[in-house]
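1. Fold the following and give me the result.
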Amino acid sequence: MSRTAAVSFVVGLLVVSSALLAPAPVSGQVSAQASAASQTTHTVRPGETLGSIAEARLGSAAAWRQIHELNRDRVPDPSRMAAGTVLVLPGAAAESGAARVVHVQVTGTAPGMQAASPVASGSGDYRDRRALLERRRFEPMAAPQPHESERTIFFGAAAREVQSEMYAQVLLVPESELPVVPPAVARSAGWVVADEASLEELGQIRRFATERALQISEAALLVGDDAVVRASPGIALRPGDTFTTVRPPLFVDGFGWIVIPTGEVEVRSVDEGNAVVRVTRAWESVKLGQFIVEPFHTHVPIGVSARETTQDLDADIVAFEDRKELYLVGDRFFINRGSEAGISIGDTFMALTQASEAAEGTAGASVAGHFQVVRVQDGAATLRIMQTIEPREIRVGTRVHLVSEMP
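-> From the prediction side, this is the model:
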C-alpha cells in the first residue's frame, strides 16, 4: 500500500469513529426527559384528592402522605388542593435525588456509645427510611447484673457504663412524696348537689370557635380544641380562668342530683359575654351543650396513708357514675354518708358478700371488694373501686364498711 493510500485509510477510520461516538441529538434527549417527567409527576384535575391520586398512581390510597410530604410547598393543606397543581410523585423524587431525607446529627454521646454515620443527602425516596432502620438491626442484650442503686437499671452494655451518669436513669419517687389520692383523680370524680338549681352553672359551651365544626360528625371536643362559651347572667369570665365542664346532672330519687365532670377548659379571650375557651383536659367526652362550673380544689395529703380504724361506720351504695353490668377497678360510686360522719379523702372501705352479711358475726367473712374515698361532702362521698373480688356483689344497695381512715 502506498503512503498516500495509508493516510487516506487512517483518516477514514477516524471519521467513522467520531460518528459512532457522537452524542444523541438534543431533540432526542428532551423527548426522553419529557417522557420521564410525565411518568413521575401528576397534574391535579378537578375533584381529585391526594388519596385518589395515590390509589391511581401508586396503588394505595394510604400513600397520600408520601405525596404530601414531597409537595408541602405546593399543597400546604392536604384537604385543599387547586386543580392544575403539578405534583411530584415519590418515583420522581427518587430519580432526581430530591426526596426528603431525614438527617440525624449526634451532638454528644454517653461513654461507650458510638455516633452513627451521617446519611447522604438525596439517597432515595421515602422507602429509604425503612432501609435506614434495617441497616442496624436490634440485637437484644442480656439483662444487667443486680445493682444496689435505687435507680432504674436499663438493658444493654452501653447503658451499664453510664449508670453513674444522668443520661439513662429514672429516679423512683418514694411513697412519702406521693399524695394518698392523685389530684387529677379527685378533680375528675363526680359529686352530689341537693337540687339542680344549686349547681351554679357559670356558662354553657355553645359552638366550636374554629372551622373544625364543619369537619366532624359529633359535637365532641378534643384536648386543644377551642369553643365558644356563653356566660350565665351576672357571671364575668376573664382570660386565664379555668373551669370544669360537666354532664347534665342525673337525678337519683331520695339522694340528689349527681354531677359528673368531663374535663377542664381555660378562657383564652372574652368578647361581650362570649368567651373562647380551650380544652386543657378531657377525662371523658367534652361536648357542645355541656356547662362549666368552678373547678374543685382540695388539699390532698402527701405522704400520709390511712390507718386502721376503730370506728364502726357503715354506708350504702346509692348510685354509680355509669350504668354497667359489672363494675371493675377504677369505677366510682356514691355512698350516703359524708363529712358529717367524719369521712375524709383517702379513707378506705370494703364490702362483704351478701352471704357474709346474712351470717353476721361468723368467722371467715368473704370480701367483695375494697374502695377508697376520692371526694367527700356533707351527706355524700365518692368512692373509687381499688380491688374487686366478687364484682357481682358490688351494686346499688350494697353496704360498705369503713376499714381505715386518715389521721
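
2. Residue 186: which element?
-> helix 183-187 (DSSP states H and E).

3. Pass me the low-pLDDT residue ranges in the stretch 201-350 of the chain, would you?
-> Of all residues in the stretch 201-350 of the chain, those with pLDDT under 70 make up the ranges 211-218.

4. Point out the other elements, helices or strands, that the helix holding residue 186 touches.
-> For helix 183-187, the packing partners by 3 or more CB pairs under 8 Å, 6 or more residues apart in numbering; DSSP states H and E come out as strand 367-377. From N, CA and C alone the C-beta is placed, and that goes for glycine too.

5. Report the strands that pair with the strand it packs on, each with its relative direction.
-> strand 348-352 (antiparallel), strand 380-388 (antiparallel) (DSSP bridges).

6. Indicate which one of these is closest to residue 228.
-> Nearest of the strands paired with strand 367-377 to residue 228, taken as CB to CB: strand 380-388 at 30.9 Å.

7. Which elements pack onto the helix or strand just after the closest one?
-> Using DSSP H and E, the helix or strand that follows strand 380-388 in sequence is strand 399-405. Strand 399-405 sits against strand 307-308, strand 314-320, strand 348-352, with contacts defined as 3+ CB pairs under 8 Å, 6+ apart.

8. Okay, angle between the second one and strand 367-377 too, please.
-> On the basis of axes from the mean of the first three to the mean of the last three CA atoms, to 10 degrees, strand 314-320 is oriented at 80 degrees to strand 367-377.

9. can you pull the buried residues of stretch 318-327?
-> 318, 319, 320, 321, 327 (16 or more other CB atoms under 10 Å).

10. Equivalent analysis for stretch 183-190, please.
-> For stretch 183-190, by 16+ other CB under 10 Å, it's 185, 186, 187, 188, 189, 190.

11. okay if I get those as a markdown table plus pLDDT and distance to residue 227?
-> Formatted as a markdown table, the buried residues of stretch 183-190 follow (pLDDT from 0 to 100; distance: CB to CB, whole Å):
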| residue | pLDDT | distance to residue 227 |
| --- | --- | --- |
| 185 | 91 | 25 |
| 186 | 91 | 25 |
| 187 | 91 | 20 |
| 188 | 93 | 19 |
| 189 | 94 | 24 |
| 190 | 94 | 22 |
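
12. Could you pull up the contacting residues of the nearest residue to residue 188 once chain neighbours are set aside?
-> Leaving aside its sequence neighbours, residue 188 sits nearest to residue 283 (CB to CB, 6 or more residues apart in numbering; 4.1 Å). By CB atoms under 8 Å, 6 or more residues apart in numbering, residue 283 lies in contact with 188, 261, 262, 263.

13. hmm, back to that, any chance of the helices and strands packed on strand 399-405 in a markdown table, plus distance to residue 333?
-> Listed next are these as a markdown table, based on distance: least, CB to CB, whole Å:
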| stretch | distance to residue 333 |
| --- | --- |
| strand 307-308 | 23 |
| strand 314-320 | 5 |
| strand 348-352 | 10 |
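
14. quick one: which of the ones you listed is nearest residue 85?
-> Here strand 314-320 is closest among the helices and strands packed on strand 399-405 (CB to CB), at 55.1 Å.

15. strand partners of that closest one, parallel vs antiparallel please.
-> strand 332-335 (antiparallel), strand 399-405 (antiparallel).

16. possible to save the ones you listed as JSON lines with distance to residue 42 and mean neighbour count?
-> Shown next, in JSON lines, are the strands paired with strand 314-320 (distance: least, CB to CB, whole Å; neighbours: other CB atoms under 10 Å):
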{"stretch": "strand 332-335", "distance to residue 42": "55", "mean neighbour count": "24"}
{"stretch": "strand 399-405", "distance to residue 42": "67", "mean neighbour count": "19"}
